[in-house]
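Q: Structure for this input, please:
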Amino acid sequence: MIMTITKVKAKNPYVVDCSKKPTAVKTPACREEETKGAAGDDSKIPSDFGQGKGKQTGRQEELDEGSYDSEADEGYDDSEAVEEVKLSAKRDWKESYVQQLPKWVKKLMGHIVLDINEEWSVQILGLQKPGTKQGLFNNPNGLRWHHGQLLVCDTNNNRIQILAKHYSYRSVDEIRFDSMTNAFQPWAVTVYRKEYYISDIGNNQIIICDKCHEILQTIAVTPDISVHSITVIAGFAVVTDHKGNKVLKYNKKGNLVAKYQGQGSENTPIKYPHSVAPASNGSILVSDANNHNIKVLDSDLNYVESFCAEGTGKGQVRYPQGIDVDARGNIYICDKLNNRIVKLGSNGNFLRNLFEGDLEYPTNIAVNPAGDEIAVSVFGNIARPVNQIWVFFKK
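A: Next up is the predicted model:
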């Protein structure tokens, strides 16, 4: 079922309700963008965009022409229509709303906020097609929250974009290295004691740099290892080798000090370890994608236990990928093939499913300490890959 934008007088006049977050639209940077404009007639944004009731994006021809008849909606009460949109559009807009919007609205994609239920809203960053400008992505992967900023590994654009929440997630800085042997391709990033630890799949290495983006050290791994996800435990870098089916632990000198391949009482070799994250008790969480579970290792990479099993029920997953924890130790898992986020307690007990039916193949995730902002990179599908970050936040 695909949602369309149609002209109606009584109900459902609004599909994308931008006026719900006028402050997000009217940031200083956005005002400057409106003032400057962009090339082409479709960049003429209405001067009253996002101002007051009845002055929001609405009927199709008004959006396409970049004009707005303020008298047509004078005194219009949109509360009933907005409530109906919340209920009817929950799953409809996710596949095609970008293509249906006029070009001038697409230019504001980083500012569009959509309600998905009574508890959560989502802000869409980027477009479905890859882009090279700031705020656009080409194969975004690892995510990390750091002091209210969102770090995005923009892999095929050879950079890490740093997005500022108080600027409506606009890109305010980036980390890139142009002097590498091969192109810098960051897949994952984490922060430990003001230092960035980055897995660079383009050069098959771990990069450690300071807050000024000066490289402090690189850890080259052997050719039979393919670095993937990364976290830091007590100063040791822990990475997944997704092709070699291993989890590896390096000290800061670059020495391999421990590895895990599946030895242990569970007697199940790890298969395609996708992501790694630190648990609240100091242990290490690994998403074992092809075994459809989450493995728990101690700090020396010894097996402790496993969570989840293959399936679609509560506490079950299919091809789990990204994983993260909040300040309370709750565990969030990208349940890729079930198109949802699974939330577990710190001991692995099932709590709830999030955004079920609203995501399309979630692959990487970052959760802020309070657990009320969740950033997810979505894969889409092979025929129509998506280059977006969806930031869910509680109302």
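Q: alpha carbons only for contacts and neighbour counts from here, please
A: OK.
Q: so where is the stretch 201-350 of the chain shaky, pLDDT-wise?
A: 263-267 (pLDDT under 70).
Q: what ranges do the strands span in it?
A: Secondary structure of the stretch 201-350 of the chain by DSSP state E, counting those that start in this stretch: the strands cover 205-209, 215-220, 227-233, 236-241, 246-250, 256-260, 273-278, 284-288, 293-297, 303-307, 320-325, 331-335, 340-344, 350-354.
Q: what packs against the third one?
A: I take that to be strand 227-233. Contact partners of strand 227-233 among helices and strands, from 3 or more CA pairs under 8 Å, 6 or more residues apart in numbering; DSSP states H and E: strand 186-192, strand 195-200, strand 236-241, strand 273-278.
Q: Tally up the residues packed near residue 178, please.
A: 10 (other CA atoms under 10 Å).
Q: Surely it touches residue 185?
A: No - contact between residue 178 and residue 185 fails when scored by CA atoms under 8 Å: they sit 10.6 Å apart.
Q: picking that back up, the strands of the stretch 201-350 of the chain: which one's closest to residue 189?
A: Nearest to residue 189, of all the strands of the stretch 201-350 of the chain, is strand 227-233, at 6.6 Å by CA to CA.
Q: what's in contact with that closest one?
A: By CA atoms under 8 Å, 6 or more residues apart in numbering, the residues outside strand 227-233 that reach it are 142, 187-192, 197-201, 204-206, 221, 237-242, 274-278, 282, 299.
Q: Would you mind writing the CA trace of the longest strand along the chain as CSV?
A: Taking DSSP state E as the criterion, the chain has its longest strand at strand 385-394. The C-alpha trace of strand 385-394 is given here as CSV (Å, rounded to 0.1, in the frame of the first residue of the first chain):
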residue,chain,number,x,y,z
PRO,A,385,19.3,0.7,-1.6
VAL,A,386,18.6,3.5,0.8
ASN,A,387,21.2,6.1,1.9
GLN,A,388,19.4,7.5,4.9
ILE,A,389,19.7,7.7,8.7
TRP,A,390,16.5,7.6,10.6
VAL,A,391,16.6,9.3,14.0
PHE,A,392,13.7,8.2,16.2
PHE,A,393,13.0,10.4,19.3
LYS,A,394,10.4,10.3,22.0
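Q: For it, name the packing helices and strands.
A: Strand 385-394 packs on strand 120-125, strand 140-146, strand 373-380, going by 3+ CA pairs under 8 Å, 6+ apart.
Q: Identify the residue spatially nearest to residue 136, adjacent ones excluded.
A: Nearest-residue entry for residue 136: residue 126, 4.6 Å, with adjacent residues in sequence omitted and distances by CA to CA, 6 or more residues apart in numbering.
Q: how much space between that neighbour and residue 116?
A: 18 Å (CA to CA, to the nearest Å).
Q: Looking at those two, which is more packed in?
A: residue 126 (25 against 20).
Q: just checking, the more buried one touches residue 389?
A: Yes - Residue 126 is within contact range of residue 389, at 6.6 Å (criterion: CA under 8 Å).
Q: give the contact list for the residue nearest to residue 221 when sequence neighbours are not counted.
A: Nearest non-adjacent residue to residue 221, counting by CA to CA, 6+ apart: residue 205, 5.7 Å away. Shown in contact with residue 205 (CA under 8 Å, 6+ apart): 199, 218-221, 227.
Q: Now do residue 205 against residue 181, distance only.
A: Remark: distance between residue 205 and residue 181 (CA to CA) = 11 Å.
Q: do residue 137 as well
A: From residue 137 to residue 181 the distance is 23 Å (CA to CA).
Q: more neighbours, the two?
A: Taking other CA under 10 Å, residue 137 and residue 181 do not tie; residue 137 has more neighbours (29 against 8).
Q: who touches the more buried one in this structure?
A: So residue 137 contacts 126-127, 130-131, 154, 157, 387-388 (CA under 8 Å, 6+ apart).
Q: Now do the end-to-end distance for stretch 283-292.
A: Stretch 283-292: ends 20 Å apart by CA to CA.
Q: again with stretch 298-305
A: One end of stretch 298-305 sits 10 Å from the other (CA to CA).
Q: buried residues in that stretch?
A: 298-299, 301-303 (16 or more other CA atoms under 10 Å).
Q: Mind picking the two most distant members of those residues?
A: Based on CA to CA, the longest span within the buried residues of stretch 298-305 runs between 299 and 303 and measures 9.7 Å.
Q: circling back: who's the residue nearest to residue 221 bridged to?
A: Beta-bridge partners for residue 205, by DSSP bridges, are residue 200, residue 220.
Q: which ones are touching residue 366?
A: So residue 366 contacts 143-145, 323-324, 374-376 (CA under 8 Å, 6+ apart).
Q: wait, doesn't residue 159 sit right on residue 142?
A: No - using CA under 8 Å, residue 159 is not in contact with residue 142, being 11.6 Å away.
Q: any common contacting residues for the two?
A: residue 153.
Q: Looking at these two now, which is surrounded by more residues?
A: Taking neighbours as other CA under 10 Å, residue 159 and residue 142 compare with residue 142 leading, 28 against 22.
Q: For the more buried one, which residues are in contact?
A: 152-153, 187-189, 229, 364-365.
Q: Let me have these in JSON lines, adding neighbour count and distance to residue 317 as columns.
A: JSON lines is the format used below for these (neighbours: other CA atoms under 10 Å; distance: CA to CA, whole Å):
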{"residue": "152", "neighbour count": "30", "distance to residue 317": "25"}
{"residue": "153", "neighbour count": "30", "distance to residue 317": "25"}
{"residue": "187", "neighbour count": "27", "distance to residue 317": "23"}
{"residue": "188", "neighbour count": "30", "distance to residue 317": "22"}
{"residue": "189", "neighbour count": "26", "distance to residue 317": "25"}
{"residue": "229", "neighbour count": "30", "distance to residue 317": "19"}
{"residue": "364", "neighbour count": "29", "distance to residue 317": "15"}
{"residue": "365", "neighbour count": "28", "distance to residue 317": "15"}
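Q: what's the spacing between the nearest residue to residue 180 once chain neighbours are set aside and residue 233?
A: Take residue 180 and drop its neighbours on the chain: the residue closest to it by CA to CA, 6+ apart is residue 203, 7.6 Å away. Here the criterion is CA to CA. By it, residue 203 lies 23 Å from residue 233.
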